[in-house]
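Asker: Predicted model and sequence below, questions to follow.
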Amino acid sequence: MKIYLTAIIKAKPKFKAEVLTVLNNMVLQSNKEEACELYSLHQSIDDQNSFIFYEIWKNQEGLDFHNKQSYLQEFVAIVDEKLQEKPLIYKMKSI
């Protein structure tokens, strides 16, 4: 079953550039993963510190593999210090 994820990330203003660098690296690396069908990053027009990922994964196994990668762990390491709040992550299926 395909997994559809939407993740909302809000950087603290003083860390926006650093967070964006980490997010862009996640896009670059994640799109190389075999189970990744879409890994797309967007920035809010109204709030330049807010970012949204749209992701499609072939299956749960592929998502589990993704979650163990060093570039994702690099993001996890900055969450508490450099984000306004923990990311909101919506995991969905197609209906």
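Answerer: Right, received. Where do you want to start?

Asker: Show me which positions of the longest helix seen in the chain end up buried.
Answerer: Longest among the helix segments of the chain by residue count, using DSSP state H, is helix 16-30. Residues 16, 19-20, 22-23, 26, 29-30 are the ones in helix 16-30 that count as buried (16 or more other C-beta atoms under 10 Å). Placement of C-beta: from N, CA and C, glycine included.

Asker: The very next helix or strand once past it packs against which elements?
Answerer: Beyond helix 16-30 on the C-terminal side, the first helix or strand identified by DSSP states H and E is strand 36-43. Helices and strands touching strand 36-43, as assessed by 3 or more C-beta pairs under 8 Å, 6 or more residues apart in numbering; DSSP states H and E, comprise helix 16-30, strand 50-57.

Asker: Grab the most central residue of the chain for me.
Answerer: Residue closest to the mean C-alpha point of the chain, counted by C-alpha atoms, centre = their mean, is residue 53 at 5.1 Å.

Asker: contacts for the helix or strand hosting residue 62?
Answerer: Per DSSP H and E: residue 62 is located in helix 60-67. Contact with helix 60-67 is made by 1, 3, 5, 30, 33-36, 57, 72, as judged by C-beta atoms under 8 Å, 6 or more residues apart in numbering.

Asker: From what I see, the residue nearest to the centre of the chain and residue 41 are in contact.
Answerer: Yes: with contact defined as C-beta atoms under 8 Å, residue 53 and residue 41 form a contacting pair (5.7 Å).
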